[in-house]
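Q: sequence and computational prediction follow.
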Amino acid sequence: MKFFSHCGADKTGFAEKGLLIFAALVLYFWAAPSAFADVSLPKIFGNNMVLQSNQKIPVWGTASPGEKVTVQLNKQTVSTVTSREGKFSVRLEPESPGGPYSLKLKGRNALEFTNVMIGEVWLCCGQSNMAMEVKFTAESKDLIANIGRNVRIYQTQGSGSDLPKTSYSNCWDAASSKNVLDFSAVALGAGNSLAKKLAVPIGIICCSRSGTSIDEWLPTGVAGDQGQNRSSKLKRVFDDLVSPLIPFSIKGMVWYQGEADVGMGNTYGKKFFNLIEGYRDLWSQEEDDFPFFFVQIPGCGLYSQTVGRSALPIFWDAQQSATDVRNVYLVPAFDLGDRKDLHPSSKGKLINRLSNALLQYAYHQPLNCEIPVPEKLSLSENKISIKFKASHGQLSVKGDGGFFVAASGGKFLPAQVEVLPDGCTLQVWNESIERPARLSYARSNFPTGIILNRYGLPVSPFHHAFVGESNYR
């Protein structure tokens, strides 16, 4: 009342202040919806979703500032109050595999997600080979015919996605013959195997984008090129695809990326380590609680034309170095490539290797997935002996074996190789080299020969230098 009596003494002032009042009212009603917002959750929550078993289950979202929000799942009920910014987060206690359940939220409004399962959730990230859809693979019919019971799929669909828009883009769906053609073949194949072997619901979140460098996947603030934080241009993939998923509960991660970075093998190792540790930190999970699997980039002759004939072996070394980190596992694939295609259409052997590795290392099933590696190298006259563990025995030579040897200061020459009677020792030599000083195996972009163990797993590419006379016996 004082305001109006004051304004009555000054018509000009009244008009000006009237306009101010009108503007304030417009602003108030325009802003009112955000002040009284409905309870809302990120897109990763939805009908048909799978929540990770035997871990605390984060549920987070937005509502009106100071609003009480109640979350219900199975027999659990948890309440919280939103912050001044209207954000809330709760962590439900771990649940055993099962379902279907409903996830309910109650605030000023109510939300309910139905057909929710508790099981095993895997995040599958990478570029074009991870993105390759079922319909483009040689095994598409088998993948569709063998869809596991209770496999649920979710495809992240960011603003810059090159993937086809589907019914399950940013939406959970039960995998079926009608909806998996546009889903990742590698991710689906692994999910099928897990569902059949573990007999629990499996949730597969595929997060892929073709042609992307590891720099684009690094978390915001994590060092990329030259030790500097990524530029705003490179934040796009992580911020667009991965960040909205954090901290949705997952069992672990499968990574299939590197085609764009093959020429940067000397710097990839450090970035890869930063990515693994960065994602573990963001999900607030320790090494033992966050198994990380990655696929070795397959061999391809095309790299010789673009980044040099020895670029891929150097990159394989960088990938291999990540296995020094606890609970990180390499899935061998250098021998599964196509000489003329960066994206081999046959994914069957790779899916089998990945699935077995997941079952052995994440779920402790004895499937003999250990990659054969040299245990001891020694020289006797002009022959090199390479000893493997007995458990890696029954070695066999495929093609020319892939070995080269060189004298000190000399060029590498193709080597002969044979498996000794014990089945776990190789002997390598070249008749023209009396005292070999260096040894290489599968050190080309597309190796023409490999060594396999009894389980069909290849010896990974390596090289070795013999230094000093003490190595001779």
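A: Ah, there it is.
Q: where does the residue positioned nearest the centre of the chain fall, secondary structure wise?
A: Among the residues of the chain, the one closest to the centroid is residue 255, at 2.8 Å (Cα atoms, centre = their mean). For residue 255, the element it lies in under DSSP states H and E is strand 252-256.
Q: just the CA atoms of that strand, as PDB, please.
A: Backbone C-alpha positions of strand 252-256 (Å, rounded to 0.1, in the frame of the first residue of the first chain) are rendered in PDB as follows:
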ATOM      1  CA  GLY A 252      32.500 -53.200 -16.000                       C
ATOM      2  CA  MET A 253      33.500 -52.000 -19.400                       C
ATOM      3  CA  VAL A 254      34.500 -53.300 -22.800                       C
ATOM      4  CA  TRP A 255      36.600 -51.000 -25.000                       C
ATOM      5  CA  TYR A 256      37.200 -51.400 -28.700                       C
END
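Q: what's the angle from the helix or strand just after that strand to strand 252-256?
A: Once strand 252-256 ends, the next helix or strand along the chain (criterion: DSSP H and E) is helix 265-282. Using axes from the mean of the first three to the mean of the last three Cα atoms, to 10 degrees, the inter-axis angle of helix 265-282 relative to strand 252-256 is 160 degrees.
Q: quick check: buried residues in helix 265-282?
A: The neighbour-count check on helix 265-282 (16 or more other Cβ atoms under 10 Å) flags 265, 267-269, 271-276, 278-280, 282 as buried. (Glycine included, C-beta is placed from N, CA and C.)
Q: so which elements touch that helix?
A: strand 292-295, helix 311-321 (3 or more Cβ pairs under 8 Å, 6 or more residues apart in numbering; DSSP states H and E).
Q: ranges for the strands of the stretch 151-300 of the chain?
A: In the stretch 151-300 of the chain, the strands defined using DSSP state E, counting those that start in this stretch lie at 151-155, 173-174, 202-208, 252-256, 292-295.
Q: next up, the contacts around the nearest residue to residue 439 once chain neighbours are set aside.
A: Leaving out its chain neighbours, the residue that sits closest to residue 439 by Cβ to Cβ, 6 or more residues apart in numbering is residue 464, at 4.7 Å. Residues near residue 464 by Cβ atoms under 8 Å, 6 or more residues apart in numbering: 374, 377, 438, 439, 440.
Q: would you mark the buried spots in stretch 328-343?
A: 328-338, 342-343.
Q: what ranges do the helices span in this structure?
A: 2-8, 11-35, 128-131, 140-145, 185-198, 236-237, 265-282, 303-306, 311-321, 348-357 (DSSP state H).
Q: which residues does the strand holding residue 255 contact?
A: Residues contacting strand 252-256 (Cβ under 8 Å, 6+ apart): 122-127, 129-130, 186-187, 190, 275, 279, 290-295, 354, 358, 362.
Q: what pairs with that strand, parallel or antiparallel?
A: strand 110-126 (parallel), strand 292-295 (parallel) (DSSP bridges).
Q: these two touch, right, residue 334 and residue 315?
A: No - if you go by Cβ atoms under 8 Å, residue 334 and residue 315 don't touch, sitting 10.0 Å apart.
Q: need the overlap of contacts for the two.
A: Contacts common to residue 334 and residue 315, judged by Cβ under 8 Å, 6+ apart, are residue 297.
Q: burial of residue 364, as a residue count?
A: By the measure other Cβ atoms under 10 Å, the count of residues near residue 364 is 8.
Q: check residue 327 too.
A: 17.
Q: how about it, what does it touch?
A: By Cβ under 8 Å, 6+ apart, the neighbours of residue 327 are 287, 288, 290, 291, 292, 361.
Q: just the closest of the residues you listed to residue 38, please.
A: Distance to residue 38, by Cβ to Cβ, is smallest for residue 290 among the contacts of residue 327, at 33.3 Å.
Q: so that closest one sits against residue 280, correct?
A: Yes - between residue 290 and residue 280 there is a contact at 4.8 Å, judged by Cβ under 8 Å.
Q: just to revisit the earlier point, how about the residue nearest to the centre of the chain, nearest residue that isn't a chain neighbour?
A: Nearest to residue 255 is residue 294, by Cβ to Cβ, 6+ apart, at 4.2 Å.
Q: also residue 443?
A: residue 313 (4.5 Å).
Q: can you count the residues close to that neighbour?
A: Using other Cβ under 10 Å, residue 313 is surrounded by 21 other residues.
Q: next: residue 213.
A: Neighbours of residue 213 (other Cβ under 10 Å): 20.
Q: ditto for residue 326
A: Using other Cβ under 10 Å, the number of residues around residue 326 comes to 11.
Q: next one: phi and psi at it?
A: phi -60, psi 140 (degrees, to the nearest 10).
Q: any idea how far residue 350 is from it?
A: 24 Å (Cβ to Cβ, to the nearest Å).
Q: ok, residue 212 touching residue 258?
A: No - with contact defined as Cβ under 8 Å, residue 212 does not reach residue 258; the gap is 10.2 Å.
Q: between these two, which contacts overlap?
A: Both residue 212 and residue 258 are in contact with residue 127, where contact means Cβ under 8 Å, 6+ apart.
Q: what sits opposite the residue nearest to the centre of the chain in the beta ladder?
A: Beta-bridge partners, per DSSP bridges, of residue 255: residue 125, residue 294.
Q: what pLDDT does it get?
A: Residue 255 carries a pLDDT value of 98.
Q: how about residue 30?
A: 39.
Q: mean confidence for stretch 461-473?
A: Per-residue scores along stretch 461-473 average to 66.
Q: cool, stretch 94-109 as well?
A: Per-residue scores along stretch 94-109 average to 97.
Q: how about stretch 80-88?
A: 97.
Q: need the contact partners of it.
A: So stretch 80-88 is contacted by 34, 37, 60-69, 71, 89-90 (Cβ under 8 Å, 6+ apart).
Q: pick the one among those closest to residue 96.
A: Of the contacts of stretch 80-88, the one sitting nearest to residue 96 (Cβ to Cβ) turns out to be residue 71, at 18.5 Å.
Q: roughly how far apart are the closest one and residue 125?
A: Distance from residue 71 to residue 125, by Cβ to Cβ: 28 Å.
Q: residue 196 now?
A: Distance from residue 196 to residue 125, by Cβ to Cβ: 24 Å.
Q: try residue 38
A: Taken as Cβ to Cβ, the span from residue 38 to residue 125 is 31 Å.
Q: what of residue 424?
A: 36 Å.
Q: neighbour count winner among those two?
A: Neighbour totals were compared for residue 424 and residue 125, and residue 125 leads with 27 against 20 (other Cβ under 10 Å).
Q: spit out the contact partners of the more buried one.
A: Here residue 125 is in contact with 207, 208, 217, 242, 253, 254, 255, 256, 257 (Cβ under 8 Å, 6+ apart).
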